[in-house]
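Undergrad: I would like the atomic coordinates for the input below:
(one chain, ligands or ions: 2)
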Amino acid sequence: VLPSAQGTSLVGRHVLITSGPTYEPIDPVRYIANRSSGKQGHALARAAKDMGARVTLISGPTHLPDIPGVTTAKVETAADMLDAALGALPADVAICAAAVADWRAATQAMEKLKKEEGQTALSLALARNPDILATLAAPGARRPTLVIGFAAETETIITHAQEKLSRKGADWIVANDVSPDTGIMGGDRTEVHLVSASGVEDWPAMSKDEMAVKLLGRAAEALQTMQLA
Ligand code: CTP
Ligand code: CA
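TA: Residues are numbered from 1 along each chain as shown. Ligands and ions are numbered 1, 2, ... in the order given. So this is what the prediction gives:
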């Protein structure tokens, strides 16, 4: 068990993490998805396990290997990810790192959709998916002590992150710039801002593994402080 830099550990804690994209079926051969490698979520799961936590990782489809010692639930849709997350409660910390599809096909065709002769356009009706982070962060007996979300943005990063913090009721939002020119998406490095009710901390660029260790260290400290309070 690796204590964090501050000497805190996550022994005895349950950490719930969502990771990867979701796939929302349109018909048996097509789906709507987000771009997500799952690297950050899986790095968080590894870091939490290394700090002694019991870890439940709820992952959409990724190419990443299973993590020994981490209980992993593999899901495809946002609805299944939400069910798995609620089923894994209670947890001390919930971290929503998944890139959940905001929309799913309003109706799912049972047979492969075929083009009509001469058809040049198609409209697809979409329905809003449940918000897993907002659901976990909602007040209630089963709310995890610390609920953390991510905000991948391409402009006005901090403003968007602060808006998500209050709209979703999360304790912290980890905001990062995913504009195409940063090369962050799908890569191994990240540069984030930790946004909470007490302000904004700019963290230097680091690997996704280092960021995971730093964030879990902060979570361990926060849990300890909350318990003493
Ligand atoms: N999230 C979630 N369930 C959803 C959508 C988002 O749990 N249906 C979580 C993500 O895992 C992330 C945070 O909410 O931790 C922010 O996701 P993001 O897509 O940036 O926020 P949205 O509210 O979907 O806003 P946007 O319109 O910018 O996509
Ligand atoms: Ca979204």
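Undergrad: drop to CA atoms for contacts and neighbour counts, all remaining ones
TA: Fine.
Undergrad: buried sites along the helix ranked longest in the chain?
TA: For the chain, the longest helix by residue count, based on DSSP state H, is helix 208-228. If you call a residue buried by 16 or more other Cα atoms under 10 Å, then helix 208-228 has these buried ones: 208-209, 211-221, 223.
Undergrad: same check on stretch 165-183?
TA: Buried residues in stretch 165-183 (16+ other Cα under 10 Å): 165, 168-178.
Undergrad: show me which pair in these is furthest apart.
TA: G169 and V178 (23.0 Å; Cα to Cα).
Undergrad: which residues touch the nearest residue to K74 once chain neighbours are set aside?
TA: Among residues not flanking K74 along the chain, S59 sits closest, at 5.0 Å (Cα to Cα, 6 or more residues apart in numbering). Residues counted as contacts of S59 (Cα atoms under 8 Å, 6 or more residues apart in numbering) are 18-21, 38, 72-75, 81, 98.
Undergrad: any idea what S59 is bridged to?
TA: S19, K74 (DSSP bridges).
Undergrad: for D181, see how far away it is.
TA: S59 sits 27 Å away from D181, going by Cα to Cα, to the nearest Å.
Undergrad: with H42 instead?
TA: From H42 to D181 the distance is 24 Å (Cα to Cα).
Undergrad: again, but for T56
TA: Using Cα to Cα, one gets 33 Å for the distance from T56 to D181.
Undergrad: quick revisit: now the buried residues of helix 208-228 in CSV, with pLDDT?
TA: As requested, these are exported to CSV (pLDDT from 0 to 100):
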residue, pLDDT
K208, 93
D209, 95
M211, 96
A212, 97
V213, 97
K214, 97
L215, 98
L216, 98
G217, 97
R218, 97
A219, 97
A220, 97
E221, 96
L223, 95
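Undergrad: residues from the protein in reach of ligand 1?
TA: Residues of the chain lying near ligand 1 by Cα under 6 Å from any ligand atom: 96-100, 102, 129-133, 149-152.
Undergrad: so how do I select the buried members of the residues you listed in ChimeraX?
TA: Those of the residues of the chain next to ligand 1 that count as buried under 16+ other Cα under 10 Å are selected in ChimeraX with:
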select :96,97,98,99,100,102,129,130,132,133,149,150,151,152
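Undergrad: contact partners for W172?
TA: Going by Cα under 8 Å, 6+ apart, W172 touches 147-149, 165, 194-197.
Undergrad: turn those into a markdown table, columns for secondary structure and pLDDT.
TA: Shown next, in a markdown table, are the contacts of W172 (DSSP: H, G, I helix; E, B strand; the rest coil; pLDDT from 0 to 100):
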| residue | secondary structure | pLDDT |
| --- | --- | --- |
| V147 | strand | 98 |
| I148 | strand | 98 |
| G149 | strand | 98 |
| L165 | helix | 98 |
| L194 | strand | 98 |
| V195 | strand | 97 |
| S196 | strand | 97 |
| A197 | coil | 96 |
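Undergrad: filter those down to the buried ones, PyMOL style.
TA: Buried subset of the contacts of W172, written as a PyMOL selection, criterion 16+ other Cα under 10 Å:
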select buried, resi 147+148+149+165+194+195+196
